[in-house]
Structures are given as structure tokens and as C-alpha cells.
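> how would this look folded up:
(chains A and B)
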Protein chains: 2
Amino acid sequence: MRAIELSPTLIIGSGLVGASVGCALTAAGIAVHVTDLVPAHVAVAASRGAGTTDPVAPGDVRLVVVAVPPDRLSDVVASALKTYPHATVTDVGSVKGTVINDLRARRASGLKRYCGGHPMAGSHLAGPVAARADLFVDRTWVVAPHDTAAAATVLDVQELARLCGARIVTLGPAHHDEAVAQVSHLPHLMSALTGGVLNEVPASHLKLAGQGLRDVTRISTGDPGLWRQIISANADAVREQLVEVQAALGRLIDILDDPDRTDADLEDFLEWGRQGTRLIPGKHGTPAREFAQVTIEIPDAPGALARLFADIGEAGFNVEDVSIEHDAEREVGWLAVQVTEAKASELEQTMEAAGWTVRH
Amino acid sequence: MRAIELSPTLIIGSGLVGASVGCALTAAGIAVHVTDLVPAHVAVAASRGAGTTDPVAPGDVRLVVVAVPPDRLSDVVASALKTYPHATVTDVGSVKGTVINDLRARRASGLKRYCGGHPMAGSHLAGPVAARADLFVDRTWVVAPHDTAAAATVLDVQELARLCGARIVTLGPAHHDEAVAQVSHLPHLMSALTGGVLNEVPASHLKLAGQGLRDVTRISTGDPGLWRQIISANADAVREQLVEVQAALGRLIDILDDPDRTDADLEDFLEWGRQGTRLIPGKHGTPAREFAQVTIEIPDAPGALARLFADIGEAGFNVEDVSIEHDAEREVGWLAVQVTEAKASELEQTMEAAGWTVRH
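Numbers count the residues shown, from 1 in each chain, chains lettered A, B, ... in the order given. I've put the predicted structure just below:
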């Protein structure tokens, strides 16, 4: 593998994402230059450690990171390809197909030096004041090469993501856009729909709101101006998802309308929802954690269960779930404890050493 | 006000909610008797401090709390009204209209001694092993008197909720059911719809899932058997909400389909969603917290912003949001810091004492 050299890098757009990329690259020893249409943004980004505001000779620039709002992306990428003739150019936009399509439609030159990217990280704070070198650590960074990107270009963008500490996923632009429609844009719109109907709900009813409603609606408070651009740029893929929801919603209303509906119809619908949710892999793309069950006899003695919980707690085990099983024949109870697979045999041994009976 | 005496109380159904009510009442000095169809549940509930498994003379019982699954509620309430002739009878079900309607349809006797309730608390753990005396502390407990309930009955149920540490909201059964359809059952179904469509999403796309998707789909993993009963019992009110969502979803798809759509159309939709979400009051029914802004000048000197953040942090202020404002005329930057209203003037004084310029 060749040594990849990204110095100097130019960041166009010093908002939260651009400035954070600057901080991460600077921390990795790359010479970073930051720019922005708003002079105050550049000054703040520089003061946060994102790089220098000094100019850079266009012919020297090795990498350009375009971090401007979605509806200006292709303009700025096209002009960067022209202005920085030896640079790899990437962007950090949430939608990838429109950018390459726009660039092709305008016959932009140097396309083999462009490869899109999408770091999937953010903050509820906006702007360069919230910039952090570790914003992308362990987050997904999609590298989305179009079919005429040069291999060296793709390697440069992967190196950028790697230096920012991100997990790299490589997907073509169309696949990327379908995926984010499914896992990001549709959920955002479902959250907005759930929030929107609350406009008609009396305040006395909203007092009953619990954590569930708060979770479902949380992301709907994202900036409408930014999300309008994101969804507009990915309208076809988003529409396809919405039509699927529309069909499922119609089926659900039909179930409620059916005077002959069985318990199973509605339960099947709810089970379908639960199954889909369970397909989401564990946090940060690691596989969903597997749990193992350890089953311990509850002696028929006063306070036995309390002592059992105390012993489990003292041993420092992180209990994920517990349930009681009842042995109808023997009048005895069993406590089923869920722990991570890695901890199960340790828990068994600890409990047996403490005198409890473990079912094997 | 008369002194309300709830001893002895009988709890029918010793799952998480029933056993937790038992623990709270026991802690409050009430004599509590627990029962359940499953002997092991009663034993576990008693071992968790929910009450005694000793029998109680039916004529002595002052309060019966029915905490059985939704589809058995009206049966058990009707039989409790008969068996315990001097007791106030309440339940803890998530839907209130069906119970009183069923009781009336079967001409149950003693209805003036019945008043429904709905403690809005739960846990991701189920069953009496997870029982806690503080499960209801600061949570909402809806007391839902029907129009022929005796005043003394309602007072008993309010006292029960008070002893459990809950915040009492009194709403008629129909209003309650409409409210929970809006703030609980619809969000559950929206979460299930969002999760359900993931069944068709390839695993390589699901790897891009972030916190937003996890938040929206979290509640869809609730027990389909239980939620089928809840939604089935509240089908009319839930259907009304679903039809509103259906109309809004149709409008959204029309916006995406419209070749002449303006930026404003989609942004208006997203803004509508955000506005509705913002109507949700602060956690636990307190009003949403008000924030105040303190604006501090950023001197034009290297490292000024970093020093400013350090000073704010050292003073121990909890910054809710920050943004930079730029003064176009004076080439100066301002840092706008959001803190709770109560803290704003303290922050101003602290920063001025440290030599910063605060804008008033």
C-alpha cells in the first residue's frame, strides 16, 4: 500500500462538521486550511483548532473537503475540482446521488478526482463552536465512490475517514441514498408526522405524554431548513419508503375497521413492527449483543429472593432482564437471569460457589 | 376533609404494576394482601415487600386494586364489586372507556364504588421481581371517574395515587382514552410502522442506522400481546388518530410528487412536525424549561474563544446551547450562551467579574 499524504487539506465550509474534520486532521498532523463564506465562522473554527485561516497555493492542495449545505454541494464541488487541479475532492453531504448526477449533467471536469462521503455524526449543537476532534470516532463514515472515480481518490477519502477515527462503510451513491432513506430520512418523517398531529391535541391531554412519545418525536425537532434540503435531494428513495408505510398504515386501519378481526391480526402487525426493529444491529454497527440465560433455584424460604438479588448484585453482574419461572410439579421457583454471553458461565460459577442451585 | 383509610387493601394481579402498588402502600403503612392466578407470582410479590399472602375477610376490605391484563379487567372488577361489598374498587388498565362500558352492559352492581385509574409508569422488566415501591413517584396517575361514581370512591382512588407518590390527573374515561390514543397508542403504532418496514431493508443498509432510528423504533419492542389488548380496547380513538396520520402522509407524498413543489412546501411540513413536538410539556408534566441568552463579546485575540469557554466551564454553568453572532460593522464576534433563566444573571455577573464584555 502506498503512503497516503493528505497535507495540505482545504476545508470549504467551517460549520460543525467541517470544523470537526479540521480538528481531527490537525490532531493527526495534517496541515489544514479552513474557509467559509462567513468570516466569523472561520475565525471560530480556527480558534477551536480546526486549522489555519492562511491562504494556500491552489496547486499544492492534496485534499478538499466540501462541507457546505446540501443545496450548494455540487456547485462547490465542481468549482473545487477546477480550482485545485491536483486535489482529491470529497464532500460530507447526507445524499450522494444528486451530487454526482448534477456534476455529470454540467459536464464537470476532473470527476475521477471526486469521491463523495457521508460522515454519520452530529450534535444537537450547531456551528464551529461545537467542533470536536472526536466527533467521528467510532461513527460510520460512508465512502460512496461513483463508477468513474479513480482508485487513488477512493483511497484518499477512506484515509480521511480513518484519520477521523470513523468506521468506514463503502457503498455506491445509489445504494447509499436508498439506505439513508430507509434508516434516516423515513424515520425523520415518521417522527415529524407523529409530532405534527400533536398540533391538534389539547394541552390537558399532552400532560399525559411519557418517554415513549418523547423518543418517537425527538428527531422531528431537527432544523427544517436543513432537512428540507436533505429530503428534497433524496426524494425518489424517500417516496418509495413513504409508499410502503402508506400501504402498511392502510392495512392497520383495515384491521381496526374489521368487525370480525381476530386478536391475531393486530398482534401480527405489532409483531411485524417488533421484528423489524430487532433487525437493527447493535450500537455503532457492532452485532446486536447476545444474551445468555442463567437459571437459579429460588429456595422456598422467607427472603430467599431478596438474598438472591443481593448476591447477584454484589458479584457485580449487569442483569439485562430477569423473570421468574415456576416449576408446577415441584412447587419450586426459578429465577431466570439474562446476562451477556461472555458473563454467563462466570455468573453460574459465582452463584454456585455462594451455595445457590443453578439449573444446567 | 375526612381522613381516608385504605387498610386493608387487596391487590388482584401481582405483576409489575400490582406488586409495585403493594410495595408503595405497604411502605405507607397500609395492610396489603396480594393475590394472583399464578402462585409463584404472589410469592415473589410478597418477597419483594408487596404485602401478605394471608387471606382477608371480604367484608373488611376497604380498597381493591385490580391489576390484571386488559382483556380480563371488566370481569375481575365486576366480580370484585360483588365479593367485597364495602370496598372501593379501582383498576390500573391503560384504557378506561371499555371497562365502564362493559360493566354497564352487564348491569354490574355497586358501580358507584368503582373508579378507574391509570398509573403511567412501567419498566423494561416485567413481573413482580421488578416491583419497586417508587415505581410511580413523580409519574402521572390518571384518576378516571365515570359519571355515577361516588365522590368518596374518587377520593379513595386519588388517595391511593397520592400514597404511591404519583402526580394525579383527573380525566373522564372518554377523555382519558382519547388522550392516551394521542400521546401513547398512536406513537406506539408509528414506532411499529417504522420498525415494520425495516423487515425489507438489507442488512448492509441497516449498518447505517443511528440513534434517530433507534429512538423512533424503541417502543415498538413492547409486548405485542399486551399492546394488542390495549389498542383493541381503544380502537375507535386510535383509528381516529391513524386517519389523521394517513391524511398528513398523503399530503407529504403529494408534495414529493409535485414537480412544481417549492422549497417552502416541504419545509412547512417539517416545521409543522417540529411545532407539534414542541407542544409536549417538560418531563413529568412540568412546564418546558425556559432558557435565557447571555451574549458575551469575543475579543479579537488568539485563543480568546478557548479562554472564554474555559471561564464559562470553570464557573460551573450548564450550557444548554451556544452560537456565534457576528457583528458585521465592528468586526467583532459575540458568543450567545443559553442557560436556564434562573442562572442568566449569575452568569453575566461572573463573566463581567472575569473581565469579559457582556451585551445588555
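
> So for the closest residue to chain B within the stretch 251-360 of chain A, what's the nearest residue that isn't a sequence neighbour?
Closest residue of the stretch 251-360 of chain A to chain B, Cβ to the nearest Cβ: A:G273 (2.8 Å). No exception for glycine: its C-beta is placed from N, CA and C like everyone else's. Of all residues not flanking A:G273 in the chain, B:A192 sits nearest, at 2.8 Å (Cβ to Cβ, 6 or more residues apart in numbering or on different chains).

> wouldn't the one you found be in contact with A:L270 here?
Yes: B:A192 lies in contact with A:L270 (Cβ atoms under 8 Å); the separation is 5.7 Å.

> just to revisit the earlier point, for the helix or strand the residue of the stretch 251-360 of chain A closest to chain B falls within, packing partners?
Assigned by DSSP states H and E, A:G273 falls within helix A:263-278. Counting by 3 or more Cβ pairs under 8 Å, 6 or more residues apart in numbering or on different chains; DSSP states H and E, the packing neighbours recorded for helix A:263-278 are helix A:235-257, helix B:186-197, helix B:211-217, helix B:224-233.

> CSV for those, including mean neighbour count, distance to A:H118 and mean pLDDT?
Formatted as CSV, the helices and strands packed on helix A:263-278 follow (neighbours: other Cβ atoms under 10 Å in any protein chain shown; distance: least, Cβ to Cβ, whole Å; pLDDT from 0 to 100):
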stretch, mean neighbour count, distance to A:H118, mean pLDDT
helix A:235-257, 17, 14, 97
helix B:186-197, 27, 21, 98
helix B:211-217, 21, 14, 93
helix B:224-233, 21, 35, 91
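
> Now render the ones you listed as TSV, adding distance to B:V294.
Converted to TSV, these look like this (distance: least, Cβ to Cβ, whole Å):
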stretch	distance to B:V294
helix A:235-257	40
helix B:186-197	36
helix B:211-217	30
helix B:224-233	46
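
> Those residues of the stretch 51-200 of chain A touching chain B, which are they?
Applying Cβ under 8 Å from any Cβ of the partner chain, one finds that the stretch 51-200 of chain A approaches chain B through A:120, A:124-130, A:140, A:142, A:169, A:171, A:175, A:178-180, A:182-184, A:186-200.

> what touches both of B:A192 and A:L270?
B:S220 (Cβ atoms under 8 Å, 6 or more residues apart in numbering or on different chains).

> which parts of stretch A:118-128 are buried?
If you call a residue buried by 16 or more other Cβ atoms under 10 Å in any protein chain shown, then stretch A:118-128 has these buried ones: A:H118, A:P119, A:M120, A:A121, A:G122, A:A126, A:G127, A:P128.

> how long is it from one end to the other?
End-to-end span of stretch A:118-128 (Cα to Cα, to the nearest Å): 18 Å.

> Tell me the secondary structure of A:N199, please.
helix (DSSP: H, G, I helix; E, B strand; the rest coil).

> what's the neighbour count on A:D268?
Residues within reach of A:D268, counting by other Cβ atoms under 10 Å in any protein chain shown, total 14.

> related to what we said a few turns ago, ok, residues contacting the helix holding A:G273?
Against helix A:263-278 from outside (Cβ under 8 Å, 6+ apart): A:251-252, A:255-256, A:258, A:288, B:189, B:191-199, B:201, B:217-218, B:220-222, B:224-225, B:227-228, B:231-232.

> low pLDDT regions in the stretch 51-200 of chain A?
Scanning the stretch 51-200 of chain A for pLDDT under 70 picks out the ranges A:123-125.

> ok now do the closest residue to chain B within it, which residues does it touch?
Closest residue of the stretch 51-200 of chain A to chain B, Cβ to the nearest Cβ: A:A192 (2.8 Å). Contacts for A:A192 were tallied using Cβ under 8 Å, 6+ apart; they are A:S220, B:F269, B:L270, B:W272, B:G273, B:R274.

> one step back: what comes up buried for the helix holding A:G273?
For helix A:263-278, using 16+ other Cβ under 10 Å, the buried residues are A:D265, A:L266, A:E267, A:F269, A:L270, A:E271, A:W272, A:G273, A:R274, A:Q275, A:G276, A:T277.

> Following element in sequence after that helix, please.
Later in the chain than helix A:263-278, the nearest helix or strand by DSSP H and E is strand A:291-298.

> for the helix or strand just after that next one, packing partners?
As assigned by DSSP H and E, the chain's next helix or strand after strand A:291-298 is helix A:304-314. Helix A:304-314 is packed against strand A:291-298, strand A:332-340, helix A:341-353, helix B:39-47, with contacts defined by 3+ Cβ pairs under 8 Å, 6+ apart.

> Report the distance from helix A:304-314 to the chain centre.
Taking Cα atoms, centre = their mean, to the nearest Å, the mean C-alpha location of helix A:304-314 is offset from the chain mean by 38 Å.

> Now do the buried residues in it.
In helix A:304-314, counting by 16+ other Cβ under 10 Å, buried: A:A304, A:L305, A:R307, A:L308, A:F309, A:D311, A:I312.

> Mind listing residues that contact that helix?
A:296, A:298, A:319, A:333, A:335, A:337, A:347, A:351, A:354, A:356, B:44, B:47-48, B:129.

> Would you mind checking these for buried ones?
A:I296, A:I298, A:G333, A:L335, A:V337, A:L347, A:M351, A:W356, B:V44, B:S47, B:R48, B:V129.

> one step back: quick check: pLDDT value at the residue of the stretch 251-360 of chain A closest to chain B.
pLDDT for A:G273: 97.

> That one and B:N199, how far apart?
9 Å (Cβ to Cβ, to the nearest Å).

> Now do the contacts for the residue nearest the centre of chain A.
For chain A, the residue nearest the mean C-alpha position is A:M120 (5.5 Å; Cα atoms, centre = their mean). A:M120 makes contact with A:R139, A:T140, A:W141, A:V142, A:S184, B:L208, B:G210, according to Cβ under 8 Å, 6+ apart.
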